[in-house]
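*Asks:* Below are the sequence and a predicted model; questions follow.
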Amino acid sequence: MARQGAVRRSPPARRLEVVRAVRSARLAEPELDEDDVLSLVVENTGVPLPLVRIAVGYWASYSTEIEAEISAADGAEAAAEAVWRRERDLLAASSWQPRFSLMRC
């Protein structure tokens, strides 16, 4: 049973996260060898090494499909962040400017 508040992700979602984590590790630490990149991904994601290797192998076999899923997820995340930013802008006291004044001059 999952602990309360824990998010359980489906295997496809975990695969996307692992591929993103591998890319991020490679960009952040370009000098690392393959084993060190995988270790960094394991450390940062908590996904066991055998599952990381399976996800990498799956990506290698179905890269076009996985890339399409990653692009769709990136687009959904960008849209959600844009909504969140608009909400924050609306609710921020410093951004509110009255359109008219009720005071008489």
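*Replies:* Done, it's in. Numbers count the residues shown, from 1 in each chain.
*Asks:* Distance-wise, check residue 76 relative to residue 84.
*Replies:* Distance of residue 76 to residue 84, computed by C-beta to C-beta, to the nearest Å: 13 Å. Where C-beta positions appear, they are placed from N, C-alpha and C, glycine not excepted.
*Asks:* In the protein, where's the longest helix?
*Replies:* helix 63-91 (DSSP state H).
*Asks:* Counting by contacts, list what it packs against.
*Replies:* Secondary-structure packing of helix 63-91 (3 or more C-beta pairs under 8 Å, 6 or more residues apart in numbering; DSSP states H and E): helix 11-28.
*Asks:* neighbouring contacts of the helix it packs on?
*Replies:* Outside helix 11-28, the residues that touch it by C-beta atoms under 8 Å, 6 or more residues apart in numbering are 9, 32, 37-38, 40-41, 44-45, 47, 51-52, 55-56, 58-59, 66, 69-70, 73.
*Asks:* Phi, psi for residue 62 please.
*Replies:* In terms of degrees, to the nearest 10, the main-chain angles of residue 62 are phi -130, psi 40.
*Asks:* Tell me the confidence at residue 68?
*Replies:* We note a pLDDT of 91 for residue 68 in this prediction.
*Asks:* what's the spacing between it and residue 83?
*Replies:* 23 Å.
*Asks:* neighbours of residue 24, just the number please.
*Replies:* When neighbours are defined as other C-beta atoms under 10 Å, residue 24 has 14 of them.
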